[in-house]
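> after the sequence you'll find the predicted model.
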Amino acid sequence: ADGSSKFGKNNRYGYFPSVALGWNITREEFLKESEVLNNLKLRASWGQTGSQEIPSKITKLSYKESNGGYDTYPLDPTAADLAGYPYGSVYTRLANPDIQWEFSTQTNIGLDFSLFNNRLSGTIDYFNKVSENILLEVAPVDPIQPTPKYWTNIPDMQIKNNGIEVALDYSSDKSRDFSYSIGGNISFTKNKVVNSPYKILTTGQAQGGGQTGVTINGVLNGQPIGTFYMNKFIGIGPDGQDQFEDLNNDGKILDDDRIVAGSALPDYIYAFYLNFKYKNFDLGFNFNGAGGNKIFNHVAMTSFGRGKLANSYNSTNRSIEFANESATNSNSVSTRYLEDGSFLRLNNATLGYNLSPKLIGLDNVMDNIRFTLTGQNLFVITKYSGYDPELNTGTSIGEIQSFGVDYFSYPRSRTIVVGLNVAF
């Protein structure tokens, strides 16, 4: 049982059971004498967890003072003395004491194994997770409401995640002068929203002059969370302006012509390491990456348009990508600025040397002396043209964090560290 003061008194507590079973197969008689297989364990689990990721106090009513044009009195809108309107109160939040926990139900089946005197080990997991009673801030169905949005549970809506994760590790004979170990893991995940009553719930939107509030990505029924939903850019027309695909062939480019253009969620994420040791020297590398996701380059849309050159602003060669583009072409949300977000990063590399204190006559004072040279964020392989495909910033909409939208994110630093570690 778990309780949260973010919910009303009648729904403050939620109950989330779980159960797990395991079978260590190598302890059975038919595998006890195996010289190759050291461990083989089958696992299965089922459980529920609750989410209270909502703003505080949303179950309570809230007002704010209003004056001037916000009031409905006096009734004469042409009154000269607008500043003389009496003060009043307007709603900023409606009470919702019946809001409940969002809960997720997950099933997992896994296999752990190790072979060859435990030098090779690994795990394989299949998982299926379904989130229900989804908590969202949405617009009321009735347009005549005192507030434009409110928090509530969405009945029947589900967010489904399922996939496979695999991890493998191998270590050589560590008793030799030269030894090594390698390993890594990769996770494939399929995400899907089902039974959503809304055409789209925006999670990422544009900012800046002429673009503020335009949808970039969001939650669409039958699609992954963070799905990009925008017009398809097909080039620059004879008039020097952006051209978009007219999906319904009505001769107009409207909201109905937007397409599903990928998701901010990666299809897979992975990491791997390489460690080498020769006598007192050691060298280690750690990599991580992702693939199958898209990034909307908001920086390019805002700062690298043809009009920037006409106004003598600094820009990049992206401003002259199309020779026939007019300086009056206004940038707009479209697949023109949607890019592949896949990447491979060398996250960390460390070279170390262990110096025996006995070699320098300090064995009575010190136990060990270690020198290290470490580099972090040494390189990234990616097709993304922005600073960093691992976005470290994002704007929020109604306290819901957006993702997959690069809005002036700060580049990640590259760090070189020289270290000395002494043990007494």
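Thanks, I have the structure now. These numbers were taken from a predicted model, which means no experiment stands behind them.
> nearest residue to D125 other than its sequence neighbours?
Nearest non-adjacent residue to D125, counting by C-beta to C-beta, 6 or more residues apart in numbering: G110, 4.1 Å away. No exception for glycine: its C-beta is placed from N, CA and C like everyone else's.
> what strands flank whichever helix or strand that neighbour is part of, and is each parallel or antiparallel?
Using DSSP states H and E, the element containing G110 is strand 102-115. Partner strands for strand 102-115, per DSSP bridges, with pairing direction: strand 37-51 (antiparallel), strand 120-132 (antiparallel).
> can you pull the poorly scored residue ranges out of the stretch 51-200 of the chain?
The model of the stretch 51-200 of the chain has pLDDT under 70 over residues 66-88, 142-144.
> what about the strands in it?
Using DSSP state E, counting those that start in this stretch, the strands of the stretch 51-200 of the chain run over 62-66, 88-93, 102-115, 120-132, 134-138, 150-154, 158-171, 178-194.
> can I get those in CSV including distance to G352?
Putting the strands of the stretch 51-200 of the chain into CSV (distance: least, C-beta to C-beta, whole Å) gives the following:
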stretch, distance to G352
strand 62-66, 57
strand 88-93, 56
strand 102-115, 27
strand 120-132, 24
strand 134-138, 48
strand 150-154, 52
strand 158-171, 18
strand 178-194, 14
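> can you list the ones you listed in CSV and add mean neighbour count?
Listed next are these as CSV, based on neighbours: other C-beta atoms under 10 Å:
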stretch, mean neighbour count
strand 62-66, 11
strand 88-93, 13
strand 102-115, 17
strand 120-132, 16
strand 134-138, 18
strand 150-154, 18
strand 158-171, 16
strand 178-194, 16
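> which one of the ones you listed lies nearest to K383?
Across the strands of the stretch 51-200 of the chain, K383 has its closest neighbour in strand 178-194 (19.9 Å, C-beta to C-beta).
> still on that earlier bit, report the separation between the residue nearest to D125 and A20.
Using C-beta to C-beta, to the nearest Å, G110 is found at 10 Å from A20.
> helices and strands around the host helix or strand of F371, which ones?
Assigned by DSSP H and E, F371 belongs to strand 368-382. Counting contacts by 3 or more C-beta pairs under 8 Å, 6 or more residues apart in numbering; DSSP states H and E, strand 368-382 is packed against strand 343-355, strand 415-423.
> just the pLDDT for the residue of the chain positioned farthest from its centre.
Taking C-alpha atoms, centre = their mean, the residue of the chain most remote from its mean C-alpha position is G361, at 53.3 Å. At G361, the predicted lDDT confidence score is 81.
> check contacts around I225.
Each residue near I225 by C-beta atoms under 8 Å, 6 or more residues apart in numbering is listed here: 159, 191, 193, 203, 219, 263-265.
> am I right that it is in a strand?
No - I225 is assigned coil when assessed by DSSP: H, G, I helix; E, B strand; the rest coil, not a strand.
> from D173, how far off is it?
46 Å.
> just A95 next, same as before
According to C-beta to C-beta, A95 stands 68 Å off from D173.
> these two: who's more crowded?
Remark: of A95 and D173, A95 carries more neighbours, 14 against 10, as counted by other C-beta atoms under 10 Å.
> show me the contacts for the nearest residue to that one once chain neighbours are set aside.
Residue nearest to A95 in three dimensions, not counting chain neighbours: L61, with 4.1 Å by C-beta to C-beta, 6+ apart. Contacts for L61 were tallied using C-beta under 8 Å, 6+ apart; they are 91, 93-95.
> possible to save these as TSV with distance to G251?
Below are the contacts of L61 laid out as TSV (distance: C-beta to C-beta, whole Å):
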residue	distance to G251
Y91	43
R93	43
L94	42
A95	48
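> many thanks, I have nothing further to ask.
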